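Trainee: coords below, sequence missing:
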C-alpha cells in the first residue's frame, strides 16, 4: 500500500500565501472606500439637484409674482 505524504510547507510558499492575503485585504479595503465614495457622491448629486430646483423655483416664483403685479 502506498502512503501519500502530507504537503510540505516551504518558506517561499508561505510567503506567497501571506502576500496573497495582504493583497486581498488591500483590494477589499479599496473596494470598501470606493463604495463609500460612490454613496457620498450620490448624496452630493441629490443635494445639487435640490439646489438647482430650488433656484429655478425661486426665479419662476419671482417671474410669476411680477406678472401678477403687472396684470390688474
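Mentor: Structure received. From a predicted model like this one, the values you see are computed outputs, not experimental measurements.

Trainee: center of the protein - which residue?
Mentor: With distances taken as Cα atoms, centre = their mean, the chain has residue 38 as the residue nearest its mean C-alpha position (2.2 Å).

Trainee: local confidence estimate at that residue?
Mentor: Note on residue 38: pLDDT of 98.

Trainee: figure out how far the helix or strand harbouring it is from the centre of its chain.
Mentor: Assigned by DSSP states H and E, residue 38 belongs to helix 11-70. Relative to the centre of its chain, helix 11-70 is centred 6 Å away, using Cα atoms, centre = their mean, to the nearest Å.

Trainee: ok, now how distant is residue 20 from residue 39?
Mentor: Distance of residue 20 to residue 39, computed by Cβ to Cβ, to the nearest Å: 29 Å. C-beta coordinates here come from the backbone N, C-alpha and C atoms, glycine included.

Trainee: low-confidence bits of the chain, can you list those?
Mentor: 1-9, 72 (pLDDT under 70).
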